[in-house]
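*Asks:* predicted coordinates and the sequence they were generated for:
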Amino acid sequence: MRPAISAELVNGAFGDPVLYLDFRDARRALLFDVGDVGLLPPRKLLRITDLFVSHTHMDHFAGFDRLLRVCLGRGPRLRLYGPPGFLERLEHKLAAYTWNLVHRYPGDFTLEAREIAPDWSARAARFRSGGAFAREPLPGAQCAGGVLLDEPAFRVRAEFLDHGIPCLGFAFEEKAHVNVWKNRLAEMGLAVGPWLRELKRAVAEDRADDTPIRVRWHDHEGAHERHVALGELRARALQIVPGQKIAYVTDVRGTPENAARIARLAAGADVLYIEAVFLEADGAHAERKQHLTAAQAGRIARAARARNVVPFHFSPRYLGREAELRAELERARADTTDAQEMAVKETLPQVGAPDPELKNSPIIDEGEYDPEEASPGLETEAPVCYFNGEAFALGTYVRSGSELLKCERGVWVRKGEQRPD
Ligand SMILES: [Zn+2]
Ligand SMILES: [Zn+2]
């Protein structure tokens, strides 16, 4: 079964940024930023296993003390991820208290923190209540491709953004979930067994339909072995449920570089949580404060092809005028005028030329693309395209040199040339 995940912007659109991602069946949660968390009851704080901090401005980090206080003597461990300087900030926060009694607390509540550098190397340190929260070094790590956390069911990816200081944006990506119909396998004369692991891997890697799958199982008649084409199993015995993608982006300047990076991070997101701090009319102020306007957020959401957009981090100067911010964002998001389209295209990721050494999906002209022919098993095909080994979600646009490409069910479709400028 697919885990039920719910996301909650704890302090609404005007309060401190805090996004609580709850895995309701697993008694587990992820937290994105830790501004004021006074509205989260202790039982919810205790479920948090991983805390992702975009940057350490107070409105994003001041709630750490309350989280720590609730977890002391109760929680086993909390992992934290933050931008450059994060380990020092955390160490100083912990050094602000007197810890002469904590060694008597039950358990040994441990903070394991990673500080991410723009080259995706990570410094790591541990702080244990049993050790009076003195900093203990841990081996560093490499977060290839910006992936901070990779588990069988999901991953969390980061992107470096510019807020005058480095600031991290995050995307939670649930992996495609493969359900096996046992009764349909039985109709095919097959039985379940460890071979299903190989099958699921082949599906996850989006292998070709003619890939042979070695089906082996034991029963009272002994050992059985057969080879069945992946396409046949996909069509008859599998149900592939695409995973959800939730992106969280806040505290960024309205620059083309930031827009391109966010569009890439949030490409095809089911929900994009994005700051929309000021109205476009106050754009000069937004630039000084290194925040997005609602119109900029709307254009970025459009470039990312996000299905749903939730704006937040509204400036308190607009209390009572919330509707204006939302309307401005939606107008920019819906605007399809040529000038707007060009502005959107400017923000798309530039992927360069295809490298023959890496995995690339075919690139075809728009006139050649036939959705029926390209994809007979429309429902079961993994909705991604590859460019130089990287997977892009269905519907994502990228620029390869001067060409504009769109991901359509496993192939890149040329959407015309862009004038070089
Ligand atoms: Zn902020
Ligand atoms: Zn900030």
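*Replies:* Happy to help now that I have it. Given the structure is predicted, the values throughout are model-derived calculations rather than measurements. Ligands and ions are numbered 1, 2, ... in the order given.
*Asks:* spatially nearest residue to Ala134 (excluding sequence neighbours)?
*Replies:* Phe127 (7.2 Å; C-beta to C-beta, 6 or more residues apart in numbering). In this view, the C-beta of every residue, glycine as well, is placed from N, C-alpha and C.
*Asks:* that neighbour: which element?
*Replies:* Per DSSP states H and E, Phe127 falls inside strand 121-128.
*Asks:* now His60
*Replies:* Secondary-structure element containing His60, defined by DSSP H and E: helix 58-61.
*Asks:* show me what secondary structure element comes after that helix.
*Replies:* Next in sequence after helix 58-61, counting helices and strands by DSSP H and E, comes helix 64-71.
*Asks:* packing partners for whichever helix or strand comes after that next one?
*Replies:* Next in sequence after helix 64-71, counting helices and strands by DSSP H and E, comes strand 77-82. Applying 3 or more C-beta pairs under 8 Å, 6 or more residues apart in numbering; DSSP states H and E, we find strand 77-82 packed against strand 48-52, helix 86-95, strand 110-116, strand 147-150.
*Asks:* for Arg261, the count of nearby residues, please.
*Replies:* Using other C-beta atoms under 10 Å, Arg261 has 21 neighbouring residues.
*Asks:* for Ala393, give me its contacts.
*Replies:* Counting by C-beta atoms under 8 Å, 6 or more residues apart in numbering, Ala393 makes contact with 245, 267-268, 383-384, 407.
*Asks:* for the residues you listed, which one is nearest Met188?
*Replies:* Nearest to Met188 among those, counting by C-beta to C-beta, is Pro383 at 25.3 Å.
*Asks:* check what pLDDT that closest one gets.
*Replies:* In this model, Pro383 is scored at 65, pLDDT.
*Asks:* what sits against the most centrally placed residue in the chain?
*Replies:* By C-alpha atoms, centre = their mean, the chain has its centre lying nearest to Ala171, at 1.7 Å. Taking C-beta under 8 Å, 6+ apart, we find Ala171 in contact with 156-159, 245-248, 265-266, 269.
*Asks:* the residue nearest to Leu111 when sequence neighbours are not counted: how many residues sit nearby?
*Replies:* Take Leu111 and drop its neighbours on the chain: the residue closest to it by C-beta to C-beta, 6+ apart is Phe127, 4.4 Å away. Residues near Phe127, counting by other C-beta under 10 Å, number 24.
*Asks:* surely Phe127 meets Leu90?
*Replies:* Yes. Using C-beta atoms under 8 Å, Phe127 makes contact with Leu90 at a distance of 7.2 Å.
*Asks:* hey, what's in contact with both of the two?
*Replies:* The overlap between the contact sets of Phe127 and Leu90 (C-beta under 8 Å, 6+ apart) consists of 111, 113.
*Asks:* sorry, back to before: keep only those of the contacts of Ala171 that are in strands.
*Replies:* When DSSP state E is applied, these are split such that 156-159, 245-248 fall in strands.
*Asks:* show me the contacts for the residue of the stretch 51-200 of the chain found nearest ligand 1.
*Replies:* Here the stretch 51-200 of the chain gets closest to ligand 1 at one residue, Asp59, 4.5 Å apart by C-beta to the ion. For Asp59, the contact set (C-beta under 8 Å, 6+ apart) comprises 16-17, 35-36.
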